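A.B. asks: from the sequence below, what's the structure:
(chains A and B)
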Number of protein chains: 2
Amino acid sequence: MNNDFNQYLKDKKQLIDTALPDYITKLQAPDLLKKSMIYSLKAGGKRLRPILLIASIEALGHDGQKGIETAVALEMIHTYSLIHDDLPAMDNDDLRRGQPTNHKVYGDATAILAGDALLTYAFECIASIEHPEIDSDMKMALIKKLANAAGPEGMVGGQQDDLIAEGKSLTIEELESIHLRKTGRLLGFAVEAGAILGQANEQQASHLSDFAKHLGIAFQIKDDILDIIGDQTKLGKPVGSDVTNDKNTYPKLLTLDGAKEKMNKHADAALHHLTAANIDSYLLQQLMGYVLDRNH
Amino acid sequence: MNNDFNQYLKDKKQLIDTALPDYITKLQAPDLLKKSMIYSLKAGGKRLRPILLIASIEALGHDGQKGIETAVALEMIHTYSLIHDDLPAMDNDDLRRGQPTNHKVYGDATAILAGDALLTYAFECIASIEHPEIDSDMKMALIKKLANAAGPEGMVGGQQDDLIAEGKSLTIEELESIHLRKTGRLLGFAVEAGAILGQANEQQASHLSDFAKHLGIAFQIKDDILDIIGDQTKLGKPVGSDVTNDKNTYPKLLTLDGAKEKMNKHADAALHHLTAANIDSYLLQQLMGYVLDRNH
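C.D. replies: Below is the predicted model:
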């Protein structure tokens, strides 16, 4: 990873890290609720989705600043999904990125409400965008795509099927269908939102969407691989927890080498679409490399 | 209640009852998730919010049919809030309108996800409206208002403060602030959405908004009164459960007579704004009478 790109990642992460709590602090809402929302927003990791969104806008030659509200909304929805996922009734996780999960700090009831609040507020943030180059049609397209990606046909549907699949053996197609929805659709939205805000033409939008799809699968395979060979202190969770929990993972279905091979195939496909999109693809290429070479 | 209005209520309830499951059935989503969503949508009661929305459009001389998607979205959000409210981590209710609550039938995890799915999908339903008289600006205004009414500054914030208030004594102002957000804001949205879709002028919109505010408070006081003097079989929950749970209610703070008096004051204020709005107020007047004279 070169220094310029490293600095780019740092700058954008900083931008999102600063913006997120400001969006909550200004709310006329109960302090405890705001604290709980901010707690999980601040526990955020790499800010991959917001950065992917902003980099996609820039790849199309537009000012990434146009995407800040949408990036913030996207990170809110990602964060709500983690809060609800960690609940005792769901995955029952006490730690997330090495920190106590939301419900361990604020209790189950407030954690549920903080998740609900982040999800709802995300749509208000997009609907409230005021920018001379972002009209109601664009905002409407963003909301429609985000709701579909996060809702019953997208992320929530994937989570439901993931729950149902616990303890069962899946085919690779079933596993992929779950991951495509559970993590792929929100990653895909990051790039699709970038295409909307960066005013991509139809062909560019189509290639960017395919790029995101393959990147999403590769990302998930990488996650599964890290669970086996990763560094616990960097991951913030015990290595091997997927195996212990008898989860369906790519290495389990394909062996570790098979999973790596599959990841590389999706990375190649992603790169192909990125090149075909005929955009300034440098940042997105670097971002892809960063995601797939990471060790946590 | 006259027969015409009785028939109107029946017709509109039928319209909503029929539309709601159709919106879920067509989704490409896990069957279990769809069943859980439909279960709670079908357990719906009077459909007060959707009918209020449609009647508000009609009071402004427009076709109520214009409001169907927004009415459906509103009922989805109301329903999600009930599912999450009933969870063991929240109010821990086993029955709702005489039926087992969602989590008693589908388990806590699916109930959480069904709530999340309904909330998210509601915004997609509005963003997907296709109607020659409803442009992106109107859809954007609807989504912005709905998200604000349902989110941390509205319903979710009210629920959080309600949780915090459990076992504490509130002033009447604190109680009113909670109710205004917990139930009043969504009722208010019904009328405000009607004003947007019925193209109310500024003065009409302002009076309609005030009408909804007072109606919302009167509605909540009526609820509290019914908990004391209502008919258990019609209410679908034990009479006196608020007292048993040591909840803050209007009768507790004001006596039963004091609560009735306060309800009537708000009803008068609601009526005043309805008259001042200079619209065809017959339906909304009848609806108000229906809400405040009900025995369940």
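A.B. asks: which residues touch residue A:42?
C.D. replies: For residue A:42, the contact set (CB atoms under 8 Å, 6 or more residues apart in numbering or on different chains) comprises A:17, A:20-21. C-beta coordinates here come from the backbone N, C-alpha and C atoms, glycine included.
A.B. asks: show me which of the residues you listed are buried.
C.D. replies: The neighbour count (16 or more other CB atoms under 10 Å in any protein chain shown) marks residue A:20 as buried among these.
A.B. asks: buried ones in stretch A:216-231?
C.D. replies: So, applying 16+ other CB under 10 Å, buried residues of stretch A:216-231: A:216-228, A:230.
A.B. asks: so which of these belong to helices?
C.D. replies: Those of these mapping onto helices are A:216-228, per DSSP state H.
A.B. asks: so the nearest residue to residue A:281 once chain neighbours are set aside versus residue B:187, what's the distance?
C.D. replies: Once flanking residues are discounted, residue A:281 sits nearest to residue A:274: 4.8 Å by CB to CB, 6 or more residues apart in numbering or on different chains. Computed as CB to CB, to the nearest Å, the residue A:274 to residue B:187 distance reads 49 Å.
A.B. asks: could you list the residues of the stretch 151-296 of chain A in contact with chain B?
C.D. replies: Counting by CB under 8 Å from any CB of the partner chain, the residues of the stretch 151-296 of chain A lying close to chain B are A:151-153, A:156-157, A:159-161, A:163-164.
A.B. asks: so what's residue A:183 up against?
C.D. replies: Applying CB under 8 Å, 6+ apart to residue A:183 gives the contacts A:155, A:158, A:216, A:219-220, A:223.
A.B. asks: in three-state terms, label it for me.
C.D. replies: At residue A:183 the chain is in helix, as set by DSSP: H, G, I helix; E, B strand; the rest coil.
A.B. asks: thinking again about what came up before, tell me the secondary structure of the residue nearest to residue A:281, please.
C.D. replies: Residue A:274 ends up helix, using three-state DSSP.
A.B. asks: contacts only, for it.
C.D. replies: A:207-208, A:211, A:281, A:284-285, A:288.
A.B. asks: now which of these would you call buried?
C.D. replies: So, of the contacts of residue A:274, A:207-208, A:211, A:281, A:284-285, A:288 end up buried under the neighbour-count rule (16+ other CB under 10 Å).
A.B. asks: and those residues, which of them are in helices?
C.D. replies: In helices, judged by DSSP H, the following of the buried ones among the contacts of residue A:274 are found: A:207-208, A:211, A:284-285, A:288.
A.B. asks: nearest to chain B among the contacts of residue A:274?
C.D. replies: Checking the contacts of residue A:274 against chain B with CB to the nearest CB, the nearest one is residue A:208 at 20.9 Å.
A.B. asks: what's the pLDDT at that closest one?
C.D. replies: As predicted, residue A:208 sits at a pLDDT of 96.
A.B. asks: so how many other residues sit close to the residue lying closest to residue A:224 once chain neighbours are set aside?
C.D. replies: If the residues on either side of it in the chain are set aside, residue A:224 comes closest to residue A:249, at 4.0 Å by CB to CB, 6+ apart. Per other CB atoms under 10 Å in any protein chain shown, the neighbour tally for residue A:249 reads 22.
A.B. asks: how about stretch A:154-170: buried residues?
C.D. replies: In stretch A:154-170, counting by 16+ other CB under 10 Å, buried: A:154-164, A:170.
A.B. asks: turn those into JSON lines, columns for secondary structure and pLDDT.
C.D. replies: Converted to JSON lines, these look like this (DSSP: H, G, I helix; E, B strand; the rest coil; pLDDT from 0 to 100):
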{"residue": "A:154", "secondary structure": "coil", "pLDDT": "98"}
{"residue": "A:155", "secondary structure": "helix", "pLDDT": "98"}
{"residue": "A:156", "secondary structure": "helix", "pLDDT": "98"}
{"residue": "A:157", "secondary structure": "helix", "pLDDT": "98"}
{"residue": "A:158", "secondary structure": "helix", "pLDDT": "97"}
{"residue": "A:159", "secondary structure": "helix", "pLDDT": "96"}
{"residue": "A:160", "secondary structure": "helix", "pLDDT": "97"}
{"residue": "A:161", "secondary structure": "helix", "pLDDT": "97"}
{"residue": "A:162", "secondary structure": "helix", "pLDDT": "94"}
{"residue": "A:163", "secondary structure": "helix", "pLDDT": "93"}
{"residue": "A:164", "secondary structure": "helix", "pLDDT": "94"}
{"residue": "A:170", "secondary structure": "coil", "pLDDT": "92"}
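A.B. asks: list just the nearest of these to residue B:128.
C.D. replies: Taking CB to CB as the measure, residue B:128 lies nearest residue A:154 of those, at 14.4 Å.
A.B. asks: identify the residues contacting that closest one.
C.D. replies: Neighbouring residues of residue A:154 by CB under 8 Å, 6+ apart: A:148, A:181, A:185-186.
A.B. asks: got these as a markdown table, with pLDDT and neighbour count columns?
C.D. replies: Formatted as a markdown table, the contacts of residue A:154 follow (pLDDT from 0 to 100; neighbours: other CB atoms under 10 Å in any protein chain shown):
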| residue | pLDDT | neighbour count |
| --- | --- | --- |
| A:148 | 98 | 20 |
| A:181 | 96 | 26 |
| A:185 | 95 | 26 |
| A:186 | 96 | 25 |
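A.B. asks: what's the closest of those to chain B?
C.D. replies: Checking those against chain B with CB to the nearest CB, the nearest one is residue A:148 at 5.6 Å.
A.B. asks: so that closest one makes contact with residue B:123?
C.D. replies: No: under the criterion of CB atoms under 8 Å, residue A:148 is not in contact with residue B:123, lying 9.7 Å apart.
A.B. asks: element containing the closest residue to residue A:156 other than its chain neighbours, please.
C.D. replies: Of all residues not flanking residue A:156 in the chain, residue B:117 sits nearest, at 4.5 Å (CB to CB, 6+ apart). Using DSSP states H and E, residue B:117 sits in helix B:108-127.
A.B. asks: for that helix, buried residues please.
C.D. replies: B:108-127.
A.B. asks: let me know the average pLDDT across that helix.
C.D. replies: Helix B:108-127 comes out at a mean pLDDT of 98.
A.B. asks: just the CA coordinates of it, formatted as CSV?
C.D. replies: Extracted C-alpha coordinates of helix B:108-127, given in CSV (Å, rounded to 0.1, in the frame of the first residue of the first chain):
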residue,chain,number,x,y,z
ASP,B,108,-37.2,-13.2,19.7
ALA,B,109,-34.6,-13.2,16.8
THR,B,110,-37.2,-13.4,14.0
ALA,B,111,-39.4,-10.8,15.8
ILE,B,112,-36.5,-8.4,16.0
LEU,B,113,-35.7,-8.9,12.3
ALA,B,114,-39.4,-8.7,11.3
GLY,B,115,-39.5,-5.3,13.0
ASP,B,116,-36.3,-4.2,11.3
ALA,B,117,-37.7,-5.4,8.0
LEU,B,118,-41.0,-3.5,8.3
LEU,B,119,-39.3,-0.3,9.3
THR,B,120,-36.8,-0.4,6.4
TYR,B,121,-39.4,-1.6,3.9
ALA,B,122,-41.8,1.3,4.8
PHE,B,123,-39.3,3.8,3.4
GLU,B,124,-38.9,1.8,0.2
CYS,B,125,-42.7,1.7,-0.2
ILE,B,126,-42.9,5.5,-0.2
ALA,B,127,-39.8,5.9,-2.4
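A.B. asks: next structured bit after that helix?
C.D. replies: helix B:136-150.
A.B. asks: anything in that following helix near chain A?
C.D. replies: Yes: judged by CB under 8 Å from any CB, helix B:136-150 and chain A are in contact via B:136-137, B:139-140, B:143-144, B:147-148, B:150.
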